[in-house]
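Trainee: predicted model, plus sequence, below.
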Amino acid sequence: MKALVKTSEAIGFEYKDVDVPKIGPKDVLVKIKGTTICGSDIHAYHSSPNIMKMCQLPIVVGHETCGDVVEVGKCVTSIKKGDLVSPEPHIFCGECYYCQNSAALNCLNMGLLGHTIGGAFAEYMAVPAHVCWKHPAGTSYELGAIHEPVGVGVHSVMSGPINGKSVAVFGCGPIGMFALGASRVFGATKMFGIEVAPKRVEMSRKVFPDATIINPKEQDPVKTIKDATDGFGVDVSIELSGHPEATRMCFDVLKREGRVSLVGVPPGPMEFNFHPNIILKEATVRGVFGREVWQTWWQLRAMLDTGRFDPLPIITHRFPLAEFEQAFKMAESGEAGKVLLIP
């Protein structure tokens with residue numbers, strides 16, 4: 001089969017022939033229908049040191065995916081041939097302390113799809129059956145493929161109370177827009193989005209006419225948000241950009257006793273003044289890494305069932321897998337939403 005493989009520390013991937021993966025007794029073989037590009041895939045493409053430390057080379061990359069089950073292991077009873085599934089890419093063991101305490105996201109023996117376990121930029125993928133989310137009948141392949149990143153947005157919003165709260169989302173790339181959608185569905189009363197890329201500002205304003213989208217190059221986000229909240233600031237601030245200045249700003253706009261969810265990964269260590277921003281405000285700070293298993297996935301399904309937010313328009317570009325170079329350039333450009341690769 002054809003696949004994208006990270007073979008060395010050199011920049012880029014190789015599009016090459018590899019063997020179709022073999023499954024064990026507790027695994028399933030999935031025929032991939034589509035896989036979207038994640039920020040971590042871009043870091044892997046460029047051989048970013050933090051990502052390379054996590055990779056076991058050579059490795060088939062990609063993890064935001066969906067496909068049809070074409071083979072099941074002899075011990076698998078929960079999944080059958082023909083099921084449409086998306087994997088939880090944090091491959092949890094189900095047996096360690098954290099897995100036994102409803103915290104599989106922090107599994108001590110975690111494998112990472114596309115980093116330590118062969119991934120989804122390929123024609124086929126083998127994964128343990130217990131990490132597969134089975135989609136309801138009628139789910140499109142494209143919607144299935146973005147369940148994983150939509151889940152990150154949902155988890156960032158639902159890591160604390162949101163109903164009746166005001167929220168600011170820093171970074172309106174795809175996950176930021178997914179977070180705005182989740183905020184809308186789960187009861188936020190005022191929504192603000194902060195983004196500098198003109199195309200993403202335009203897209204966010206189109207998809208979320210009920211939110212105030214702020215371009216920091218044109219408006220002061222702190223003043224705009226404070227003016228719109230009687231000087232208090234927002235109840236919930238979600239940082240998705242990883243930019244140090246945006247991270248500091250998300251605390252500047254936070255109301256006293258508010259919550260910050262930190263999702264974006266800064267480029268390195270950064271200076272931060274804890275005393276006025278956390279201690280005096282009695283702020284709650286949550287780190288967000290992926291999705292809660294399986295609570296976030298059920299929340300995502302509930303969100304979709306309301307019909308109040310359709311994430312599909314956030315997929316803006318589609319490429320054959322062989323054209324991955326053009327696809328990654330588009331994903332990095334700031335001109336796109338989610339970019340889908342089709343084997």
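Mentor: Perfect, thanks for sending it.

Trainee: can you dump the C-alpha atoms of stretch 271-278 in CSV for me?
Mentor: Output in CSV follows, covering the C-alpha atoms of stretch 271-278 (Å, rounded to 0.1, in the frame of the first residue of the first chain):
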residue,chain,number,x,y,z
GLU,A,271,7.9,34.5,31.1
PHE,A,272,4.7,34.9,33.0
ASN,A,273,3.6,36.9,36.0
PHE,A,274,1.7,34.5,38.3
HIS,A,275,0.8,36.9,41.0
PRO,A,276,-1.6,39.3,39.3
ASN,A,277,-2.9,36.8,36.7
ILE,A,278,-3.6,33.7,38.7
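
Trainee: just the buried positions in that stretch, please.
Mentor: 277-278 (16 or more other CB atoms under 10 Å). Where you see a C-beta, it was placed from the backbone N, CA and C, and this is true even at glycine.

Trainee: which element is the residue nearest to residue 68 when sequence neighbours are not counted on?
Mentor: Closest residue to residue 68 apart from its sequence neighbours, by CB to CB, 6 or more residues apart in numbering: residue 31 at 5.0 Å. Element membership for residue 31, per DSSP states H and E: strand 27-36.

Trainee: within the sheet, what are the partner strands of that strand, with directions?
Mentor: According to DSSP bridges, strand 27-36 forms sheet pairs with strand 64-72 (antiparallel), strand 124-128 (antiparallel), strand 338-342 (antiparallel).

Trainee: quick check: which helices or strands does the lowest-mean-pLDDT helix or strand in the chain pack against?
Mentor: Ranked by mean pLDDT, DSSP states H and E, the weakest helix or strand in the chain is helix 49-52, scoring a mean of 86. Applying 3 or more CB pairs under 8 Å, 6 or more residues apart in numbering; DSSP states H and E, one finds that helix 49-52 contacts helix 39-45.

Trainee: can you list the neighbours in contact with the helix it packs on?
Mentor: 6, 11-13, 50-52, 55, 61-63, 114-115, 121, 328, 331-332 (CB atoms under 8 Å, 6 or more residues apart in numbering).

Trainee: buried ones in it?
Mentor: 39-41, 43-45.

Trainee: out of these, flag the one nearest to residue 268.
Mentor: Nearest to residue 268, judged by CB to CB, of those is residue 43 at 13.3 Å.

Trainee: pLDDT value on the closest one, please?
Mentor: For residue 43, the pLDDT comes out at 91.

Trainee: can I get the CA coordinates of the strand holding residue 31 in PDB?
Mentor: Extracted C-alpha coordinates of strand 27-36, given in PDB (Å, rounded to 0.1, in the frame of the first residue of the first chain):
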ATOM      1  CA  ASP A  27      -7.000  -5.400  16.700                       C
ATOM      2  CA  VAL A  28      -9.000  -4.200  13.600                       C
ATOM      3  CA  LEU A  29      -7.800  -3.400  10.100                       C
ATOM      4  CA  VAL A  30      -9.300  -0.100   8.800                       C
ATOM      5  CA  LYS A  31      -9.500   1.000   5.200                       C
ATOM      6  CA  ILE A  32      -8.800   4.700   5.400                       C
ATOM      7  CA  LYS A  33     -11.300   7.000   3.700                       C
ATOM      8  CA  GLY A  34      -9.700  10.300   4.700                       C
ATOM      9  CA  THR A  35      -7.200  11.900   7.100                       C
ATOM     10  CA  THR A  36      -6.800  15.500   8.000                       C
END
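
Trainee: the most centrally placed residue in the chain: which element?
Mentor: Nearest to the geometric centre of the chain sits residue 149, at 2.8 Å (CA atoms, centre = their mean). Counting by DSSP H and E, the element that carries residue 149 is helix 147-158.

Trainee: got the CA coordinates for that helix in PDB?
Mentor: Only the C-alpha atoms of helix 147-158 are listed here, as PDB (Å, rounded to 0.1, in the frame of the first residue of the first chain):
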ATOM      1  CA  HIS A 147     -13.900  13.900  15.100                       C
ATOM      2  CA  GLU A 148     -10.500  13.900  16.700                       C
ATOM      3  CA  PRO A 149      -9.700  17.600  16.300                       C
ATOM      4  CA  VAL A 150     -13.300  18.600  17.000                       C
ATOM      5  CA  GLY A 151     -12.900  16.700  20.200                       C
ATOM      6  CA  VAL A 152      -9.900  18.800  21.200                       C
ATOM      7  CA  GLY A 153     -12.100  21.900  20.800                       C
ATOM      8  CA  VAL A 154     -14.900  20.300  22.800                       C
ATOM      9  CA  HIS A 155     -12.600  19.300  25.600                       C
ATOM     10  CA  SER A 156     -11.100  22.800  25.900                       C
ATOM     11  CA  VAL A 157     -14.600  24.200  26.300                       C
ATOM     12  CA  MET A 158     -16.000  21.400  28.600                       C
END
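
Trainee: what element comes up after that helix heading to the C-terminus?
Mentor: strand 166-170.

Trainee: strand partners (parallel or antiparallel) of that next one?
Mentor: strand 190-194 (parallel), strand 234-239 (parallel).

Trainee: okay if I get these as a markdown table plus mean pLDDT, mean neighbour count and distance to residue 177?
Mentor: Conversion of the strands paired with strand 166-170 to a markdown table gives the following (pLDDT from 0 to 100; neighbours: other CB atoms under 10 Å; distance: least, CB to CB, whole Å):
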| stretch | mean pLDDT | mean neighbour count | distance to residue 177 |
| --- | --- | --- | --- |
| strand 190-194 | 98 | 24 | 8 |
| strand 234-239 | 98 | 27 | 12 |
